[in-house]
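**Student:** Here is the input, now give the coordinates:
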Amino acid sequence: MLYRRLGKTELNVSVVGVGTWQLGGEWGKVYEQSEVDQMIRRAGELGINLIDTAECYGDHTSEELVGNAIKGQRQNWIVASKFGHKFHTNFERTTHFDPPSVQIQLEDSLRALKTDYIDLYQFHSGSDEVFDNPDLWEMLARQVEIGKIRAVGLSITNANPPLQIQKMSGYGISALQVIYNRLSREPEQDIFPTCQKEDIGVLTRVPLASGFLSGKYQPDTQFTNPDDVRSLRDPESIRQQLLEVEQIKATEVPDGVDMAQWALAWCLRHPAVTTVIPGCRNVEQVESNARAVELL
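**Tutor:** This is a model prediction of the structure:
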């Protein structure tokens, strides 16, 4: 495994982490604790030390599964979580970014994770209006001072929110989480240069484009499971993306190289990127993700 410093922080993170959105139940599977224990244990054996979760992956469901899995070995892990949303049902959230609500969310996340600190606590996909609130960042800075948070981060969606990118350093943000993969390269234009200039660590989420860059789906694949978030997407858009994946596989992926591993390494070759945080459904996918470092 390889490690990189995460922005201005003192956190040295594995270049491949473990994303845990799937543990909340929105990818068509409900996970048993034993399954999560096995995945996290194998990740640790492979040198992975970063786990990314959120309060709204289920109603703290992902955090609880992660907290149980790392119990007794908390010091071996860098745990990133997020705030700003409350889970109600699959695919339904409400947003809560006012400082008192975030303080409650933090305490709930600490309890779910069975820890007294979170290494990276991230503002999660909120509007400019709720982001540009000095009271929020002052409250979070106090949590850093008292040791409940080690560093503060920002997690954004595909859209480029210029105000948040412009102001993140001024609000004490040390790391940015953004969607980036071979099919979604928008951050290269403005976001990555800013991160490099301001020494902001970059966590790339959805690096396998929701599994499309695994190479295992055909253009005519249909996602019909109502519990799978991909079932909500436009079928024609999915078809076009999978056609593009076929072209990438034919022209860019070397013969004999696993496409998913290639896709992770592709992200990590950008000098702005610190780590990738792919999801995993089983131990075999954890092992495959970790082998991406062999291509660097």
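**Student:** Which residue ranges of the protein form strands?
**Tutor:** For the chain, the strands defined by DSSP state E cover 3-5, 12-14, 18-19, 50-52, 78-83, 85-89, 92-95, 118-124, 149-155, 173-179, 201-205, 275-276.
**Student:** Adding distance to A292 as columns, could you present the ones you listed in JSON lines?
**Tutor:** Every residue, glycine included, has its C-beta placed from N, CA and C. Shown next, in JSON lines, are the strands of the chain (distance: least, Cβ to Cβ, whole Å):
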{"stretch": "strand 3-5", "distance to A292": "14"}
{"stretch": "strand 12-14", "distance to A292": "11"}
{"stretch": "strand 18-19", "distance to A292": "13"}
{"stretch": "strand 50-52", "distance to A292": "14"}
{"stretch": "strand 78-83", "distance to A292": "18"}
{"stretch": "strand 85-89", "distance to A292": "29"}
{"stretch": "strand 92-95", "distance to A292": "31"}
{"stretch": "strand 118-124", "distance to A292": "21"}
{"stretch": "strand 149-155", "distance to A292": "22"}
{"stretch": "strand 173-179", "distance to A292": "18"}
{"stretch": "strand 201-205", "distance to A292": "12"}
{"stretch": "strand 275-276", "distance to A292": "8"}
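**Student:** nearest to V245, of those strands?
**Tutor:** Closest to V245 of the strands of the chain is strand 173-179 (Cβ to Cβ; 16.1 Å).
**Student:** So what are the sheet partners of the closest one and their directions?
**Tutor:** Here strand 173-179 is paired, per DSSP bridges, with strand 149-155 (parallel), strand 201-205 (parallel).
**Student:** possible to save the strands of the chain as CSV with mean neighbour count, distance to D108 and mean pLDDT?
**Tutor:** Output for the strands of the chain, formatted as CSV (neighbours: other Cβ atoms under 10 Å; distance: least, Cβ to Cβ, whole Å; pLDDT from 0 to 100):
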stretch, mean neighbour count, distance to D108, mean pLDDT
strand 3-5, 15, 30, 98
strand 12-14, 21, 24, 98
strand 18-19, 28, 21, 96
strand 50-52, 27, 17, 98
strand 78-83, 26, 10, 98
strand 85-89, 15, 10, 77
strand 92-95, 12, 15, 84
strand 118-124, 25, 11, 97
strand 149-155, 23, 14, 98
strand 173-179, 24, 20, 97
strand 201-205, 25, 22, 97
strand 275-276, 28, 26, 98
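**Student:** ok, and the helix or strand in the chain with the lowest average confidence?
**Tutor:** strand 85-89 (a mean of 77; mean pLDDT, DSSP states H and E).
**Student:** shaky segments in the stretch 101-250 of the chain?
**Tutor:** For the stretch 101-250 of the chain, applying pLDDT under 70 flags the ranges 158-160, 219, 221-233.
**Student:** try 90 this time
**Tutor:** Residue ranges of the stretch 101-250 of the chain with pLDDT under 90: 157-161, 209-212, 214-243, 245.
**Student:** residue ranges of the helices in it, please?
**Tutor:** 128-131, 134-145, 162-167, 191-198, 235-251 (DSSP state H, counting those that start in this stretch).
**Student:** Pick the most deeply packed of those.
**Tutor:** Ranked by mean neighbour count, the helices of the stretch 101-250 of the chain are led by helix 191-198 with a mean of 17 (mean count of other Cβ atoms under 10 Å).
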